[in-house]
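**Q** Sequence first, predicted model second:
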Amino acid sequence: MIILGIDPGSRITGYGIIDFSPLGYHYVASGCIRIKADYFPDRLKQIFDSVQQLTDQHQPQAMAIEQVFMHKNADSALKLGQARGAAICAVQTADVPVFEYAARQVKQALVGKGNADKLQVQHMVKILLNCQGVLSVDASDALGLAICHAHYQQTEARLHNAVSS
């Protein structure tokens, strides 16, 4: 199963793609969509177009994205929500199911504690995916979301098998 993780932002949107199977997960691709436009609707279009292009190229079977959380600044929270919406709409054009995870869930799944910092998440992503070299924080957050979804899928499958037995 190809999983696309998205760490949305109105200026930088991180993405990470993994291939998950019963044997584990493997790194496919990651990076950042760096938004160049100043006009906000143009930024949203760039996010939409870029995520749609990633979807066309990698054909994910699922997308994991961070849930909205309340910022101290309401304007920032609204912009983040709109960036999320652009990414979600982009994968929906290809009928890719979307799964949302709270930041605490991702940190818990990867590091074992919900209050881990970004560097701890980045470190675990590199270890779990055997990534060499530099990995941006935005890309590692997106890969972390994809890994988190893989963990939840694995747990759900085990629970289903236990109930069926």
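**A** Good, I have the coordinates.

**Q** who does the worst-scoring helix or strand of the chain on mean pLDDT touch, helix- and strand-wise?
**A** Least confident element among the helices and strands of the chain, by mean pLDDT, DSSP states H and E: helix 137-164 (a mean of 84). Using 3 or more CB pairs under 8 Å, 6 or more residues apart in numbering; DSSP states H and E as the contact criterion, the secondary-structure elements in contact with helix 137-164 are strand 2-7, strand 12-21, strand 24-34, strand 62-66, strand 98-101, helix 103-111, helix 118-129. For the C-beta atoms, the positions are set from N, CA and C on the backbone; glycine is no exception.

**Q** next one: the fifth one to chain centre, how far?
**A** On the basis of CA atoms, centre = their mean, to the nearest Å, strand 98-101 is displaced by 8 Å from the centre of the chain it belongs to.

**Q** okay, the helices and strands packed on helix 137-164, which one's buried deepest?
**A** Burial of these is given as mean neighbour count (mean count of other CB atoms under 10 Å); strand 2-7 ranks first at a mean of 27.

**Q** which strands and helices sit next to that strand?
**A** Under the contact criterion of 3+ CB pairs under 8 Å, 6+ apart, the helices and strands touching strand 2-7 comprise strand 12-21, helix 40-58, strand 62-66, helix 74-92, helix 137-164.

**Q** sorry, back to before: got JSON lines for the helices and strands packed on helix 137-164, with distance to residue 146 too?
**A** Listed next are the helices and strands packed on helix 137-164 as JSON lines, based on distance: least, CB to CB, whole Å:
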{"stretch": "strand 2-7", "distance to residue 146": "3"}
{"stretch": "strand 12-21", "distance to residue 146": "5"}
{"stretch": "strand 24-34", "distance to residue 146": "8"}
{"stretch": "strand 62-66", "distance to residue 146": "5"}
{"stretch": "strand 98-101", "distance to residue 146": "10"}
{"stretch": "helix 103-111", "distance to residue 146": "10"}
{"stretch": "helix 118-129", "distance to residue 146": "9"}
